[in-house]
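# Have a look at this prediction, sequence included:
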Amino acid sequence: MRNLSNVIQKLIDKNTFPQRDAAEVMEQILSGKCSDAELGAFLIAMRLKGEDSTELLGFVQVIRRQAVKGRAAAPNLIDTCGTGGCLQDTFNISTLAAFVAAAAGAKVAKQVYTDPGCGCSSRQVLASWGIDIGTAPPDRMLKLLAKTGLTFLYLPVFHPRLEQLVRVGQQIGILNLLNTLFPLINPLKPRGRVLGVFNEQMTTLLAGVLRTQGVRRAFVVHGVEGLDEISVSADTRISELRGGQIETYMFNPEKFGLAEKSVSGLQCSSAADSAQIGRIILSGREESERTDTVALNAGAALVAAGLVKDLAAGFQKAREVLRSGKAWKKLEQTAEIAQSLAKKQKKPLRLLKNKRKTRK
């Protein structure tokens, strides 16, 4: 077993570990025998050096092996989670994209990171809609997937061995290795991905890692104004994985007839605000840059799921799903079945009525 202090020194000296050595390092970290100080130094040193694909694959190999086991009878399963680290305080775009994609027929198992410092936590948003993922055991969330085609995998529930590392990562208060690793450790091993990243250099790196993991179709994206999503407010760098090949290009919303809008239209102030924005969008009562952003990201998810041929077709399909009310019905169905599975009450919670005016 490697001494973590020696590992940290090698990282400071800009050394890169082969996959097997990286796996040994993660085994030591998850053993519970490292101090918080050692883990904090490791995370910072790793961030300063920068992650290599072989290191990420070694880390992920061990984390997945020690995750809560689960299986999903969905060969074209997809995930829409990203690294986090969006600089713009936007509403929960990837969570809404998951509902839209599921309403269009995709099977979605979206991971949800734990971040108590985040004002727009997906866990809190889902809870306000009557979907409790914070205390739900893994088998319940897998049953939710089987019944609705959609589920949410909460990090503390499916990866309890990461508890110390996650806590330390939150304490140091900067983007770190965990942000990079999180989208790669889905225990259900989805074959399609839409993965937003916090800087543009990461799109090709993580697309390559996904390819090695056996992912068939993926969009790894970064909005150049700081979004970890496909953006309507500026160009988006996309590394697209298809047929074992990776193509990296810039996407501009004007390609789909969308005028660039200010990113301020995507921002929210709290989880409650994000939940209310989500209700408006999923209800199909709004035509705005917010709706278009969700439709773009859901459209990419539909491509990753093999339901449409390209992003243009996916965007149009997602728009149709939103306008038809199918996305809202998927939210209601998911909340109802989640509560039924939890056996907390006989009737689902009533979703709060939207009192906002429709934006044009």
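Now that the structure is in, tell me what you want to look at. Numbers count the residues shown, from 1 in each chain.
# list the contacts for residue 178?
Residues near residue 178 by Cβ atoms under 8 Å, 6 or more residues apart in numbering: 43, 162, 165-166, 169. Any C-beta I mention is one placed from the backbone N, CA and C, and that applies to glycine too.
# let's see it at 6 Å
Residues in contact with residue 178 (Cβ atoms under 6 Å, 6 or more residues apart in numbering) are residue 169.
# In the stretch 1-150 of the chain, where is pLDDT below threshold?
For the stretch 1-150 of the chain, the stretches with pLDDT under 70 are 1-2, 86-88, 115-119.
# give me phi/psi at residue 78?
Comment: the main-chain dihedrals of residue 78 come out as phi -130, psi 160, following degrees, to the nearest 10.
# ok, how many other residues are close to it?
Using other Cβ atoms under 10 Å, the number of residues around residue 78 comes to 30.
# Over to residue 68?
Using other Cβ under 10 Å, residue 68 is surrounded by 16 other residues.
# Equivalent analysis for residue 111, please.
Look at residue 111: counted by other Cβ under 10 Å, it has 24 neighbours.
# is it fair to say it lies in a strand?
Yes: assignment of residue 111 by DSSP: H, G, I helix; E, B strand; the rest coil places it within a strand.
# Nearest spatial neighbour of it, chain-adjacent residues omitted?
residue 81 (4.2 Å; Cβ to Cβ, 6 or more residues apart in numbering).
# Count the residues that sit near residue 248.
Using other Cβ under 10 Å, residue 248 is surrounded by 13 other residues.
# typo on my end, it should be residue 120
Number of residues near residue 120 (other Cβ under 10 Å) recorded here: 24.
# On the three-state scheme, the nearest residue to it once chain neighbours are set aside is what?
Taking Cβ to Cβ, 6+ apart as the measure, residue 120 lies nearest to residue 274, with 4.3 Å between them; neighbours along the chain are not counted. Classification of residue 274 into helix, strand or coil gives helix, according to three-state DSSP.
# Contacts only, for residue 274.
Applying Cβ under 6 Å, 6+ apart, we find residue 274 in contact with 91-92, 120, 125, 268.
# And residue 123, by the same measure?
112, 133-134.
# rewinding a little: residues near the residue nearest to residue 111, how many?
One way to gauge burial is a neighbour count; for residue 81, by other Cβ under 10 Å, it gives 26.
# do the one 4 residues further on as well
Residues within reach of residue 85, counting by other Cβ under 10 Å, total 17.
# Assign it to helix, strand or coil.
Put simply, residue 85 is coil when judged by three-state DSSP.
# for residue 131, same thing?
Applying three-state DSSP to residue 131 yields a three-state assignment of coil.
# Quick check: the residue nearest to it when sequence neighbours are not counted vs residue 180, distance?
On the basis of Cβ to Cβ, 6+ apart, the spatially nearest residue to residue 131 that is not a chain neighbour turns out to be residue 338, at 4.6 Å. Relative to residue 180, residue 338 is positioned 30 Å away (Cβ to Cβ, to the nearest Å).
# who has more neighbours, those two?
When residue 338 is set against residue 180 and neighbours are counted by other Cβ under 10 Å, the residue ahead is residue 338, at 28 against 25.
# which secondary structure element contains the more buried one?
Under the criterion DSSP states H and E, the helix or strand holding residue 338 is helix 326-342.
# For that helix, give me every contacting residue.
By Cβ under 6 Å, 6+ apart, the list of residues contacting helix 326-342 reads 99-100, 102-103, 129-131, 140, 143-144, 147-148, 150, 282-283, 321, 348.
# Just the buried positions in it, please.
When neighbours are counted by 16 or more other Cβ atoms under 10 Å, the buried residues of helix 326-342 are found to be 326-328, 330-342.
# Identify the residues contacting residue 193.
Contacts of residue 193 were listed using Cβ under 6 Å, 6+ apart, and they are 79, 210, 215, 218, 304.
# Neighbour-wise, which one of the residues you listed leads?
Result: residue 304 is most packed of the contacts of residue 193 (other Cβ under 10 Å), 32 neighbours.
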